[in-house]
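Participant: kindly generate the corresponding structure for this input.
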Amino acid sequence: MQDMSTGGFPHENGVKAISSCTLKVVEGNWQFAEENAAQIEANWQKAKALNPNYFNGVVHLMKDIRSAGNEIHATLIPTDFKSYLYWRELGFPEAGVIDGFGSALIRSSDGRFILITQREGNVNHGFAYLPSGFIDHQDVLADGAVDIGASVAREVDEEIGEAASMLEREEGFILVREGVHLCFAVPFYLPMTSEELAARVAEHNAVTDDPEIDAIIPVANLNDLDGLKVLPHARALLEALFVAH
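Facilitator: Presented below is the predicted three-dimensional model:
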């Protein structure tokens, strides 16, 4: 893995392999949400009218982050999805937090990395990205610690169904800082080809009431990204991986 950071990682853009991360939820309110409560609610009513599938669940945003060698330590504060959505729709202005989340870096037996696209009605519809999701209340242990690996595994299970049980977790994490976003990529090996995975996901979608995934996109090289709207953190990670090899 090539370290693309500029010396201030994780506070500056870059890609870096790390051995461990310690994440913990702390008490506190998000000042941005409190100061913009009326605008957030008005925006939420409009968003719900356009997309009834939206659910105002708890999400966690990262507040304090520090790097210590090959480890990352961060604290998180809870907010709700409607506040996050308003922040996102404003273009993620400075708000005292960053958008930290886990993603699955899946490598299939035919050497492809797996991107997905979401169906219409989901927040990332129209983009190609690594399977991922918010850090929510299910991922927070009794002492406030967050198991980001378990968070990612839960999201992948929801998205690809039975095929997720075959994933083999690999060591460490790969972090990607891209602007206000900090992705904790969890590497997995999948002992099936990308074509087999696509077939399994199609079977999962056929028996699921509200499937999230629209398509599986296997990526063998950077040319496979041509013509895709790839989320910036996913593109940065894949570029680093292909340069490293």
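Participant: what about the strands in the chain?
Facilitator: Counting by DSSP state E, one finds strands in the chain at the ranges 14-18, 20-25, 58-68, 71-80, 99-108, 113-118, 128-129, 132-133, 145-146, 168-169, 173-178, 181-190, 213-219.
Participant: so which of the ones you listed is nearest Leu241?
Facilitator: Among these, the nearest to Leu241 by CB to CB is strand 113-118 (7.1 Å). No exception for glycine: its C-beta is placed from N, CA and C like everyone else's.
Participant: run through the neighbouring helices and strands of the closest one.
Facilitator: Packed against strand 113-118 by the contact rule (3 or more CB pairs under 8 Å, 6 or more residues apart in numbering; DSSP states H and E) you find strand 99-108, strand 128-129, strand 213-219, helix 232-244.
Participant: recalculate using a threshold of 6 Å.
Facilitator: strand 213-219 (3 or more CB pairs under 6 Å, 6 or more residues apart in numbering; DSSP states H and E).
Participant: which residue sits closest to the residue most central in space within the chain, ignoring its sequence neighbours?
Facilitator: Centroid-nearest residue in the chain, with CA atoms, centre = their mean: Ser132, separated by 3.6 Å. Excluding the flanking residues, the one nearest Ser132 by CB to CB, 6 or more residues apart in numbering is Ser103, at 3.7 Å.
Participant: quick check: the gap between the one you found and Gln31.
Facilitator: 27 Å (CB to CB, to the nearest Å).
Participant: of these two, give the one with the bigger neighbour count.
Facilitator: Ser103 (26 against 12; other CB atoms under 10 Å).
Participant: list the contacts for that one?
Facilitator: Applying CB atoms under 6 Å, 6 or more residues apart in numbering to Ser103 gives the contacts 130, 132, 183, 185.
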